[in-house]
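In: task: produce atomic coordinates for the following.
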Amino acid sequence: MAVPAETLAAALAVVERTPTGLYVDGEWRAARSGAVLAVEDPATGATIAEVADASVADGLDALAAAARAQSAWAATAPRERGEVLRRAFDLIVERRDDLARLMTLEMGKAFAESQAEVSYAAEFLRWFAEEAVRIDGGYLPAPNGGSRVVVMRQPVGPCLLVTPWNFPMAMGTRKIGPALAAGCTVVVKPAKQTPLSMLALVAVLEEAGLPRGVVNVVTTSQAGRVTSALLADERLRKLSFTGSTPVGRMLLAQSAERVLRTSMELGGNAPFVVFDDADLDLAVEGAVQAKMRNVGEACTAANRFYVQRSVAERFVDALAGRLGGLRVGHGLDPSTEVGPLID
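Out: A predicted model of the protein is given here:
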């Protein structure tokens with residue numbers, strides 16, 4: 001079954017409405033060089049959009065904007081910071097299907113999975129909207145009994161957030177939400193394969209009333225050069241990265257030069273274990289979910305199966321039959337269960 005023409009047209013219309021420039025200091029603009037980066041539909045290889053391809057200079061522009069906005073955003077009332085996130089949550093929920101179409105076109109996952117991710121992404125904004133007013137501290141007697149010790153939590157400062165292509169919106173809200181709630185400004189560097197979901201998310205934040213310079217986005221094919229320049233800049237105070245372990249090691253080494261704070265989510269090596277007393281029907285369904293969620297492109301995907309010998313043949317036959325019956329196709333095709341690999 002082919003993708004219905006009206007379904008494809010609706011998805012391409014969302015692409016047309018999505019900004020394609022860099023978002024720096026509250027403005028959408030081209031890269032300084034004018035360079036662009038092609039975004040492809042992994043199901044067909046067709047180019048669906050061209051976004052600005054940032055250079056090191058563009059990245060430093062974004063960091064400068066974040067640094068300028070830092071003090072004012074940190075001084076903004078926690079309730080007001082939370083309200084921006086809450087309004088963004090409402091807008092994402094309202095536009096779930098359009099955002100899901102956009103995600104499926106650039107990443108490839110089945111439309112139902114994209115819908116689920118958009119809902120998941122929105123929930124991070126709602127959660128951290130509520131957490132913005134619950135930033136705690138401490139007040140206790142000093143050991144000598146003659147004074148008090150006061151602990152205050154303050155924003156760490158401008159953060160670099162590097163997000164992966166497999167969950168292009170949820171990994172954005174999961175990083176942006178807590179940073180904004182805490183009073184930090186950010187520079188976001190999304191994966192070059194899936195920049196549109198992040199650009200659409202930032203457009204939502206802009207509409208929700210986020211002040212200029214608080215969130216900045218640089219889309220680039222020169223990830224190593226741009227991130228290295230930002231990590232070396234004294235204005236940057238923290239790095240959050242989700243991606244492969246080899247890249248994470250390099251970023252940690254670079255961050256160590258300036259003793260930057262880091263949050264790293266690297267790789268995965270998850271086993272799936274089946275004992276002889278298992279309900280094999282449930283085990284097979286669980287294995288399919290564990291292995292094939294998100295086209296199998298997830299750090300949590302099962303990549304080793306340990307099955308007790310007495311049930312191994314039955315489990316393997318049942319799993320092979322179940323996997324063999326999955327329908328592979330374009331993510332916008334309603335009958336598709338497994339979309340294309342992204343590259």
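
In: what residues are up against Leu140?
Out: Each residue near Leu140 by Cβ atoms under 8 Å, 6 or more residues apart in numbering is listed here: Arg148, Val149. C-beta: built from backbone N, CA, C; applies to glycine.

In: show the backbone phi and psi for the spatially most central residue of the chain.
Out: What sits nearest the mean C-alpha location of the chain, by Cα atoms, centre = their mean, is Met171, with 2.2 Å. Phi and psi for Met171, reported as degrees, to the nearest 10, are phi -70, psi -20.

In: quick one, what contacts the residue lying closest to Val150 once chain neighbours are set aside?
Out: Leaving out its chain neighbours, the residue that sits closest to Val150 by Cβ to Cβ, 6 or more residues apart in numbering is Tyr139, at 5.5 Å. For Tyr139, the contacting residues are Arg148, Val149, Val150, Val151, by Cβ under 8 Å, 6+ apart.

In: from the residues you listed, pick the one nearest Val93.
Out: Val93 lies nearest to Val151 out of the contacts of Tyr139, by Cβ to Cβ, at 36.2 Å.

In: now that closest one: how far from Glu94?
Out: For Val151, the distance to Glu94 (Cβ to Cβ, to the nearest Å) stands at 40 Å.

In: more neighbours, the two?
Out: Neighbour count, other Cβ atoms under 10 Å: between Val151 and Glu94, Glu94 has more, with 12 against 9.

In: does the residue nearest to the centre of the chain touch Phe241 like I think?
Out: No: using Cβ atoms under 8 Å, Met171 is not in contact with Phe241; the gap is 10.2 Å.

In: need the strands for the stretch 151-300 of the chain, in chain order.
Out: Secondary structure of the stretch 151-300 of the chain (DSSP state E, counting those that start in this stretch): strands at 159-162, 186-189, 215-217, 238-243, 261-266, 270-274.

In: nope, the stretch 1-150 of the chain is what I meant
Out: For the stretch 1-150 of the chain, the strands defined by DSSP E, counting those that start in this stretch cover 22-24, 27-29, 36-40, 47-52, 138-141, 148-151.

In: okay, buried residues for the fourth one please.
Out: Going back to what we said before, that points to strand 47-52. In terms of neighbour count (16 or more other Cβ atoms under 10 Å), strand 47-52 has its buried residues at Ile48, Ala49, Val51, Ala52.

In: contacting residues for the third one?
Out: Translated: Val51. Val51 is in contact with Thr20, Gly21, Val36, Leu37, Val39, Pro195, Leu196, Leu199, Thr219, counting by Cβ under 8 Å, 6+ apart.

In: from those residues, list just the buried residues.
Out: Buried positions within these, assessed by neighbour count (16+ other Cβ under 10 Å), are Thr20, Gly21, Val36, Leu37, Val39, Pro195, Leu196, Leu199, Thr219.

In: okay, now the nearest residue to the fourth one once chain neighbours are set aside: neighbour count?
Out: Nearest residue to Leu37 in three dimensions, chain neighbours excluded: Asp53, at 4.1 Å (Cβ to Cβ, 6+ apart). With neighbours defined by other Cβ under 10 Å, the count for Asp53 comes to 22.

In: thinking again about what came up before, how near is the spatially closest residue to the residue nearest to the centre of the chain that is not a sequence neighbour to Asp136?
Out: Closest residue to Met171 apart from its sequence neighbours, by Cβ to Cβ, 6+ apart: Thr163 at 4.4 Å. Distance, Thr163 to Asp136, by Cβ to Cβ: 28 Å.

In: low pLDDT regions in this structure?
Out: Applying pLDDT under 70 to the chain flags residues 1.

In: OK, contacts around the residue nearest to Leu37?
Out: Going by Cβ under 8 Å, 6+ apart, Asp53 touches Ala31, Ser33, Ala35, Val36, Leu37, Thr219, Thr220, Ser221, Gln222.

In: how much space between the closest residue to the second one other than its chain neighbours and Leu12?
Out: Of all residues not flanking Ser33 in the chain, Ser55 sits nearest, at 5.7 Å (Cβ to Cβ, 6+ apart). From Ser55 over to Leu12 the distance is 29 Å, taken as Cβ to Cβ.

In: likewise Glu113?
Out: 20 Å.

In: of these two, who's got more company?
Out: In this view Glu113 and Leu12 are compared by other Cβ under 10 Å, and Glu113 has more residues nearby, 23 against 15.

In: residues contacting the nearest residue to the more buried one once chain neighbours are set aside?
Out: Leaving out its chain neighbours, the residue that sits closest to Glu113 by Cβ to Cβ, 6+ apart is Asn294, at 6.3 Å. Taking Cβ under 8 Å, 6+ apart, we find Asn294 in contact with Lys109, Glu113, Asn166, Phe167, Ala301.
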